[in-house]
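1. Everything below, folded, please.
(one chain, ligands or ions: 2)
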Amino acid sequence: MSPGTAKPRRIGVMGGTFDPIHNGHLVAASEVAHRFKLDGVIFVPTGRPWQKEGEHAADPSRHVSPAEHRYLMTVIATASNPQFTVSRVDIERAGVTYTVDTLRDLRRAYPGDDLFFITGADALETILNWHDWEDLFELARFIGVSRPGYELNATHLTEHLASKPADALQLIEIPALAISSTDCRARAGAGRPVWYLVPDGVVQYINKHGLYRKESQ
Ligand code: ATP
Ligand code: MG
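-> Ligands and ions are numbered 1, 2, ... in the order given. The predicted structure is shown next:
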């Protein structure tokens, strides 16, 4: 999507580690794009996710693949959809990735357009711990989507959203896909199939580069 036309566009932002990107991410973006009449969705692979830093870094289940692999898998997964694009803002920014910086960068790139940040129910539960979280709702509207295994509610946010417009955060049910990147990595590591959990090109990319094999970490 190129910045700067007169009519404000409605742009979805799907942030994630995407290690690897899977069909749960794609269905979430597609469903939100349809329901909210978005002009497009920008997928933004994180640089170094803050949730996977610090005391967690030693935990092998938190090992994060190099950003270039995650970026390329995201490009492969989204290439056939004319509404989907991939941004490098997070992987090119030095240091740990915070969503507030993602949104500030995209605001600068798309001044005057409306941003809709898409987040799963699990991530929504933790939003009050996000860096500079009060600013998030000034930068974008938030769409919380259902995810199997997590309750979709925002009661913990009610008080904080009281002064914001009614559409600052909207919650929607989407088709349930019980897929996680953690499970895809475990499957690939154990030689079990990830076909149909991730797009075909991503299966092939994982195999080509030997991602998630125990010896490759
Ligand atoms: P990991 O297991 O490594 O944390 P993940 O599957 O949770 O990976 P992320 O890259 O962490 O994927 O998630 C990016 C965003 O996509 C988050 O907002 C998350 O809640 C959402 N999401 C991930 N999987 C699903 C799913 N199956 N259904 C709905 N939303 C999802
Ligand atoms: Mg996750």
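
2. Ala29 belongs to a helix, doesn't it?
-> Yes: checked against DSSP: H, G, I helix; E, B strand; the rest coil, Ala29 lies within a helix.

3. tell me the contacts of it?
-> Gly12, Met14, Val41, Phe43, Phe84, Ile118 (C-beta atoms under 8 Å, 6 or more residues apart in numbering). (C-beta placed from N, C-alpha, C; glycine too.)

4. got those as TSV, with secondary structure, neighbour count and distance to Ala33 columns?
-> Shown next, in TSV, are the contacts of Ala29 (DSSP: H, G, I helix; E, B strand; the rest coil; neighbours: other C-beta atoms under 10 Å; distance: C-beta to C-beta, whole Å):
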residue	secondary structure	neighbour count	distance to Ala33
Gly12	strand	25	6
Met14	strand	29	10
Val41	strand	27	5
Phe43	strand	24	12
Phe84	strand	22	8
Ile118	strand	27	9
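
5. Just the closest residue of this structure to ligand 1, please.
-> Gly120 (1.9 Å; C-beta to the nearest ligand atom).

6. quick one on the thing from earlier: mind telling me the two of the contacts of Ala29 farthest from one another?
-> Phe84 and Ile118 (11.9 Å; C-beta to C-beta).

7. which residues are in contact with both of the two?
-> Ala29, Val41.

8. And the contacts of the helix or strand of the chain with the lowest mean pLDDT?
-> Taking mean pLDDT, DSSP states H and E as the measure, the helix or strand of the chain with the lowest value is strand 48-49, at a mean of 77. Outside strand 48-49, the residues that touch it by C-beta under 8 Å, 6+ apart are Thr17, Val64, Gly95, Val96, Thr97.

9. and that strand, how far from the chain's centre?
-> Remark: strand 48-49 is offset 12 Å from the chain centroid, using C-alpha atoms, centre = their mean, to the nearest Å.

10. helix or strand for Thr158, which one?
-> Here Thr158 sits within helix 158-161, counting by DSSP states H and E.

11. buried set for that helix?
-> Across helix 158-161, burial judged by 16 or more other C-beta atoms under 10 Å covers His160.

12. Quick check: which ranges of this structure have low pLDDT?
-> The chain contains residues with pLDDT under 70 at 1-5, 52-61, 215-217.
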